[in-house]
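>>> quick one: sequence plus predicted model below, questions after.
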Amino acid sequence: ETGVTQSPTHLIKTRGQQVTLRCSSQSGHNTVSWYQQALGQGPQFIFQYYREEENGRGNFPPRFSGLQFPNYSSELNVNALELDDSALYLCASSPANTIGNTGELFFGEGSRLTVL
Amino acid sequence: TQLLEQSPQFLSIQEGENLTVYCNSSSVFSSLQWYRQEPGEGPVLLVTVVTGGEVKKLKRLTFQFGDARKDSSLHITAAQPGDTGLYLCAGAAGGSYIPTFGRGTSLIVHP
């Protein structure tokens, strides 16, 4: 069974630039969620994708956008980067959002973004 | 305002000590998860509790879900340096399937 993989693991950008982060979901999982984790904080929900459509969004501006592909992999795009976007970006996959789903998430190791 | 409040925020103890960390909310959760996160890694799922009053044990870790399904605790017996990490609770409330996380308890166990 293949776990969740994310790329790149680390990257450095400057203010105003754009970044794309990638995630491959765990085998058998068709739901992908993205979280932002600032230093010393818990993960904050950005959005979730289910069957290639956005299935929920947290309190993040429109410059945070995403995609899910037919193979359930996903991308997170952030435009016009700001210093406060520096964080660990976590991707998590889970089984389909059906009744009875207990909400368990399976995380990748994250992409550490530094904005200078 | 955090939906899930975790306490204490930081805990530094010696190997062999016992400890309890807490996760509290005013909301009712259909289920609640505990994760452990090590530096530079993603959170790893430890347990899911579903039924009010439920107690689950994972080796030296004991998890309890409150009777009203609004709170949970994690008790570690005879802590070891390998238990060091950030302990996060997460749950989905109000019919949502999307879990929100607490800020975590950062635990350091000294040899």
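That came through, no problem.

>>> for the residue positioned nearest the centre of chain A, name its beta-bridge partners.
Residue closest to the average C-alpha location in chain A (Cα atoms, centre = their mean): A:Trp34, at 2.7 Å. As for beta bridges, A:Trp34 partners with A:Phe47, A:Cys91 under DSSP bridges.

>>> which residues does it contact?
Residues near A:Trp34 by Cβ atoms under 8 Å, 6 or more residues apart in numbering or on different chains: A:23, A:45-48, A:66, A:74, A:76, A:89-92. Glycine gets a C-beta too; all of them are placed from N, C-alpha and C.

>>> in a markdown table: these, plus neighbour count, distance to A:Phe106 and pLDDT.
Formatted as a markdown table, these follow (neighbours: other Cβ atoms under 10 Å in any protein chain shown; distance: Cβ to Cβ, whole Å; pLDDT from 0 to 100):
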| residue | neighbour count | distance to A:Phe106 | pLDDT |
| --- | --- | --- | --- |
| A:Cys23 | 28 | 11 | 97 |
| A:Phe45 | 21 | 15 | 95 |
| A:Ile46 | 22 | 17 | 97 |
| A:Phe47 | 20 | 17 | 94 |
| A:Gln48 | 25 | 14 | 92 |
| A:Gly66 | 22 | 18 | 96 |
| A:Ser74 | 25 | 13 | 96 |
| A:Leu76 | 26 | 17 | 98 |
| A:Tyr89 | 24 | 16 | 98 |
| A:Leu90 | 28 | 11 | 98 |
| A:Cys91 | 31 | 10 | 97 |
| A:Ala92 | 26 | 6 | 95 |
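
>>> for these, which one is nearest A:Ser7?
Each of the contacts of A:Trp34 was scored against A:Ser7 by Cβ to Cβ, and A:Cys23 proved nearest at 8.1 Å.

>>> quick check, that closest one in contact with A:Thr31.
No. Between A:Cys23 and A:Thr31 there is no contact, the gap being 11.7 Å when judged by Cβ atoms under 8 Å.

>>> overlap of the contact sets of the two?
A:Ser93.

>>> out of the contacts of A:Trp34, which is nearest to B:Ser106?
A:Leu90 (17.1 Å).

>>> tell me the contacts of the closest one?
Counting by Cβ under 8 Å, 6+ apart, A:Leu90 makes contact with A:6, A:34-37, A:43, A:107-108, A:110, B:42-43.

>>> ok, now A:Arg63?
By Cβ under 8 Å, 6+ apart, A:Arg63 lies in contact with A:78-80.

>>> which of the residues you listed are buried? Put it as a ChimeraX command.
Selection of buried members from the contacts of A:Arg63 for ChimeraX, criterion 16 or more other Cβ atoms under 10 Å in any protein chain shown:
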select /A:78
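
>>> could you dump the contacts of A:Arg63 to JSON lines with pLDDT, distance to A:Glu54 and secondary structure?
Listed next are these as JSON lines, based on pLDDT from 0 to 100; distance: Cβ to Cβ, whole Å; DSSP: H, G, I helix; E, B strand; the rest coil:
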{"residue": "A:Val78", "pLDDT": "98", "distance to A:Glu54": "15", "secondary structure": "strand"}
{"residue": "A:Asn79", "pLDDT": "97", "distance to A:Glu54": "16", "secondary structure": "coil"}
{"residue": "A:Ala80", "pLDDT": "98", "distance to A:Glu54": "20", "secondary structure": "coil"}
